[in-house]
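Participant: here is a sequence together with a model predicted from it:
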Amino acid sequence: MEDPAGRRVDYGQRHLVEADLAPTPLAQFQRWYSEAVDAGTATVPEPNAMTLSTVEEDGVSARTVLLKGVDARGFVLYTNLRSRKARGVAHDPRVSLVFGWFGMQRQVCVRGRAEQVPREETEAYFTSRPYGSRIGAWASEQSAPVESASTLDERAAGLRERWPDTGSPADVPTPPHWGGLLVRAHEVEFWQGRTSRLHDRLVFTASGAGTDLDVAGNWSVGRRQP
């Protein structure tokens, strides 16, 4: 393999200055997210992909998951509540998220605390998923060891017989062990790559008045050195 230390990419497509920042972290995130979507999949293959890091009993763990919602409360993802990530949140609710929009030389880094979303919200989202994804939520004991891929395939086949695809969103019930996690942020950093590694880092930090992402008075903005 090549020597990673020898690889160089000189950033400099854009510049992020305070005057261009939206008044709230929610508005700024929505702006950048929309720009990532508009850039196309050749530039940003999955704009809603994010790295979730959790603190667990045996150390820190990270994995890529998909954002399924963002509003004034925070950032939402869905998972098996018996999975490693969910067990980590139960052990310690402090988490971080990183959106790596590398084709645009951008990152969004979020620090906050995770909690489960209301059950009715989980059920509403579950019924919106494709049939195969709903079956998969039952078939996979997420994070548990498995002998082979065929074991999962056989389990899924049995579930498809139990719950045939009728075209109705209610044909597969929501698993009791499956749900949403809401990350309530207390810090949201917008990172823009610049030439000579003098990157822009503008950070919204909760001021103590609250953490709603759409209330400007809840947040102070500062610049950090790269």
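Facilitator: Thanks, I have it. Being a predicted model, the structure only gives us computed values, none of them experimental. Residues are numbered from 1 along each chain as shown.
Participant: Ala139: how many residues sit nearby?
Facilitator: Neighbouring residues of Ala139 were enumerated by other Cβ atoms under 10 Å; the total is 19. In this view, the C-beta of every residue, glycine as well, is placed from N, C-alpha and C.
Participant: now the strands: where do they sit in this protein?
Facilitator: 49-56, 59-66, 69-70, 75-80, 94-101, 106-116, 178-192, 200-206, 219-223 (DSSP state E).
Participant: what is the orientation angle of the fourth one with strand 59-66?
Facilitator: With axes from the mean of the first three to the mean of the last three Cα atoms, to 10 degrees as the basis, strand 75-80 and strand 59-66 are set at 100 degrees to each other.
Participant: now do strand 75-80: distance to the chain's middle.
Facilitator: 8 Å (Cα atoms, centre = their mean, to the nearest Å).
Participant: got the angle for that strand vs strand 49-56?
Facilitator: 70 degrees.
Participant: what are the buried residues along strand 75-80?
Facilitator: Phe75, Val76, Leu77, Tyr78, Thr79, Asn80 (16 or more other Cβ atoms under 10 Å).
Participant: tell me which of those is nearest to Ala185?
Facilitator: Phe75 (7.0 Å; Cβ to Cβ).
Participant: show me what contacts the nearest residue to that closest one once chain neighbours are set aside?
Facilitator: Taking Cβ to Cβ, 6 or more residues apart in numbering, and ignoring the residues beside it in sequence, Phe75 has Val183 as its nearest neighbour in space, at 4.5 Å. Shown in contact with Val183 (Cβ atoms under 8 Å, 6 or more residues apart in numbering): Gly74, Phe75, Val76, Leu77, Val95, Leu97, Val110, Gly112, Arg113, Ala114.
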